[in-house]
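> build me a model from this:
(4 chains)
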Number of protein chains: 4
Amino acid sequence: MQLKMTIDEIHSFLDGVFPQVEGQFEVLALSLEETIVRMNVSDAHLRPGGTVSGPSMFALADVAYYIATLSLIGPKALTVTTNCSIDFMRKPAPSDMIAKARVLKLGKSLSVGDVMLYSEGMEKPVAHANLTYSIPRD
Amino acid sequence: MQLKMTIDEIHSFLDGVFPQVEGQFEVLALSLEETIVRMNVSDAHLRPGGTVSGPSMFALADVAYYIATLSLIGPKALTVTTNCSIDFMRKPAPSDMIAKARVLKLGKSLSVGDVMLYSEGMEKPVAHANLTYSIPRD
Amino acid sequence: MQLKMTIDEIHSFLDGVFPQVEGQFEVLALSLEETIVRMNVSDAHLRPGGTVSGPSMFALADVAYYIATLSLIGPKALTVTTNCSIDFMRKPAPSDMIAKARVLKLGKSLSVGDVMLYSEGMEKPVAHANLTYSIPRD
Amino acid sequence: MQLKMTIDEIHSFLDGVFPQVEGQFEVLALSLEETIVRMNVSDAHLRPGGTVSGPSMFALADVAYYIATLSLIGPKALTVTTNCSIDFMRKPAPSDMIAKARVLKLGKSLSVGDVMLYSEGMEKPVAHANLTYSIPRD
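All right, here's what the predicted structure looks like:
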């Protein structure tokens, strides 16, 4: 197995299908084992007290796992989340967030894996998400 | 057991602690068995194709369960989500969404329950969320 | 939509594919909205202290949802669990257990729903399971 | 932080509180980062076709995470599972199973982490479980 998309191809694809989030997410590294994505945190992602909101962390986990799956199957925009379960473990810092996604099982119709979410500058993870995506049949 | 907050008290409390979402969420009904919340869907909640985005559905499920729990324990702002698992089952319509939350177990330190999410005008549920909140000790 | 199997057909099918659990599970009611299954609790299901063990509750939730799905799609033995998430909410009694399963979404390749687990004689639920089954393509 | 129990102490403790599973589970390695547990698979764990059953995999994940938590907090028997979510990814072999558990967050009242399950002789994981345990206050 080898990667079907480069980081540049991923960025172009996301700009095309999700123009509203352009500039929010940046793929830092891409390999068969791990996909690393940064979320540039702005005021829109924060909740009172200055921490990153739950929906923003959900968005980051979801995008990171989408990218990890597309890098293995190619640009199939209709790939959709069927389940996302997040354990919120620590209060995030008001800094950018880093997601590390890994695909644990890539089947014909399902991609199953997890994403660890970190606040930049904190060693321990802030949240852990498990996701399942449904892959459209050709 | 009886409710510790009215709908008006919930609205005032949310406006105080989450001013950035003011006007997005409206409690339609509140009882020991069920809390019903509407999300007024605007362009900010949509993704290309006109459907409500995953993070927006996460936000609605999270707020609805927060309200359901606070109505039973009173206004404890430090009550926080520890887990949220969502099954995305059908494509939402580009209309307002309705959440129906129920608390299945209210313990001293955890509130466990679920939320069914509907698009207005669709009979069948769009998504089903299960949540656990941690309740601060007094 | 109508049911594709009767209670008797379900019992015969289970005895054929899972002979090792014969007599443990009994379908009490079957409809499009709800499937009710009893687990006859014996010493093998108990843990010290006399409560029903976690693996036994998992087995009941899994069988109940399998039956609920098969009743809608017919006897496809290769239908398999892809995810099961259980919230354990109250200590079960050392009595028989009752599972109430409902299918929330029946797609071409996935069946998604939940199961509420009760101890006979207790009003409130003991556990709540959410399951996804993969359905083989014909 | 350092381990509060040795492998021998874990084995003695389990034999005392769960005598019915004596001999089924063996702790192979114990560290702050990872707990490795073997399940000696016998006919009781199998389902027709010779694969390990779902409830048996649930039992292994649950025991492995219990051990991982106790090794950090000491022998508190009343530590109980509040949530277990399992993704079943590949058909297990009819061989012994190995669980690798890691604690992602140890709080005062909750332990949150995951367990990867392997069939001996297969490189890729068979299942991935995420668990939350409630820790009794002293």
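> going by C-alpha atoms from here, please, whenever you check contacts or count neighbours.
Fine.
> quick one: contacts of the helix or strand bottoming out on mean pLDDT in chain A?
Ranking every helix and strand in chain A by mean pLDDT, DSSP states H and E puts strand A:46-47 at the bottom, with a mean of 76. When contacts are defined by C-alpha atoms under 8 Å, 6 or more residues apart in numbering or on different chains, strand A:46-47 is touched by residues A:V52, A:S53, A:P94, B:F18, B:Q20.
> and the gap between the fourth one and B:L131?
In other words, B:F18. Distance, B:F18 to B:L131, using C-alpha to C-alpha, to the nearest Å: 19 Å.
> of those two, who's got more company?
Shown here are B:F18 and B:L131; by other C-alpha atoms under 10 Å in any protein chain shown, B:L131 has more neighbours (25 against 11).
> that one is in contact with B:V63, isn't it?
No - B:L131 is beyond contact range of B:V63, at 10.7 Å (criterion: C-alpha atoms under 8 Å).
> if we can go back for a sec, okay, the contacts of strand A:46-47 in JSON lines with secondary structure next?
Formatted as JSON lines, the contacts of strand A:46-47 follow (DSSP: H, G, I helix; E, B strand; the rest coil):
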{"residue": "A:V52", "secondary structure": "strand"}
{"residue": "A:S53", "secondary structure": "coil"}
{"residue": "A:P94", "secondary structure": "coil"}
{"residue": "B:F18", "secondary structure": "coil"}
{"residue": "B:Q20", "secondary structure": "helix"}
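> contacting residues for the nearest residue to A:G74 once chain neighbours are set aside?
Among residues not flanking A:G74 along the chain, A:K4 sits closest, at 5.2 Å (C-alpha to C-alpha, 6 or more residues apart in numbering or on different chains). By C-alpha under 8 Å, 6+ apart, the contact set of A:K4 is A:L70, A:S71, A:L72, A:I73, A:G74.
> could you do A:E34 as well?
Residues in contact with A:E34, defined by C-alpha under 8 Å, 6+ apart, are A:A68, A:K100, A:A101, A:R102, A:V103.
> quickly find the element holding A:I67.
Following DSSP states H and E, one finds A:I67 within helix A:54-73.
> and that helix, what does it pack against?
strand A:25-30, strand A:35-39, strand A:80-88, strand A:97-106, strand A:110-119, strand A:127-134, helix B:54-73 (3 or more C-alpha pairs under 8 Å, 6 or more residues apart in numbering or on different chains; DSSP states H and E).
> so can I have CSV of those showing distance to B:A127 and mean pLDDT?
Below are these laid out as CSV (distance: least, C-alpha to C-alpha, whole Å; pLDDT from 0 to 100):
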stretch, distance to B:A127, mean pLDDT
strand A:25-30, 26, 97
strand A:35-39, 26, 97
strand A:80-88, 9, 97
strand A:97-106, 24, 98
strand A:110-119, 18, 98
strand A:127-134, 14, 98
helix B:54-73, 8, 96
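> okay, those in JSON lines with distance to D:F25 next?
Formatted as JSON lines, the helices and strands packed on helix A:54-73 follow (distance: least, C-alpha to C-alpha, whole Å):
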{"stretch": "strand A:25-30", "distance to D:F25": "38"}
{"stretch": "strand A:35-39", "distance to D:F25": "35"}
{"stretch": "strand A:80-88", "distance to D:F25": "27"}
{"stretch": "strand A:97-106", "distance to D:F25": "25"}
{"stretch": "strand A:110-119", "distance to D:F25": "27"}
{"stretch": "strand A:127-134", "distance to D:F25": "27"}
{"stretch": "helix B:54-73", "distance to D:F25": "39"}
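> what about A:L104, how many residues close to it?
So A:L104, with other C-alpha under 10 Å, has 18 neighbours.
> for it, which residues are in contact?
Counting by C-alpha under 8 Å, 6+ apart, A:L104 touches A:S111, A:V112, A:G113, A:D114, D:P125.
> ok so the residue nearest to A:G74 is a strand residue?
No - under three-state DSSP, A:K4 sits outside any strand and is assigned coil.
> backbone phi and psi for it, please?
The phi and psi torsions at A:K4 (degrees, to the nearest 10) take the values phi -100, psi -10.
> before we move on, the earlier item: most widely separated two among the contacts of A:E34?
A:K100 and A:V103 (10.4 Å; C-alpha to C-alpha).
> more neighbours, these two?
The neighbour comparison of A:K100 against A:V103 (other C-alpha under 10 Å) goes to A:K100, with 23 against 20.
> residues of chain A that sit close to chain D?
For chain A, the contact set with chain D under C-alpha under 8 Å from any C-alpha of the partner chain comprises A:D87, A:M89, A:L104, A:K105, A:V112, A:P125.
> if we can go back for a sec, how near is the residue nearest to A:G74 to chain B?
A:K4 sits 24 Å away from chain B, going by C-alpha to the nearest C-alpha, to the nearest Å.
> and the gap between that residue and B:V103?
Distance of A:K4 to B:V103, computed by C-alpha to C-alpha: 45 Å.
> repeat for A:A129
23 Å.
> can you check A:S71 too?
Distance of A:S71 to B:V103, given as C-alpha to C-alpha: 40 Å.
> which residue packs closest to A:V27, ignoring adjacent ones?
A:V37 (4.4 Å).
> bridged to that neighbour, which residues?
With DSSP bridges as the criterion, A:V37 is bridged to A:V27, A:A99.
> quick one: contacts for it?
The contact partners of A:V37, taken as C-alpha under 8 Å, 6+ apart, are A:F25, A:E26, A:V27, A:L28, A:A29, A:A64, A:I98, A:A99, A:K100.
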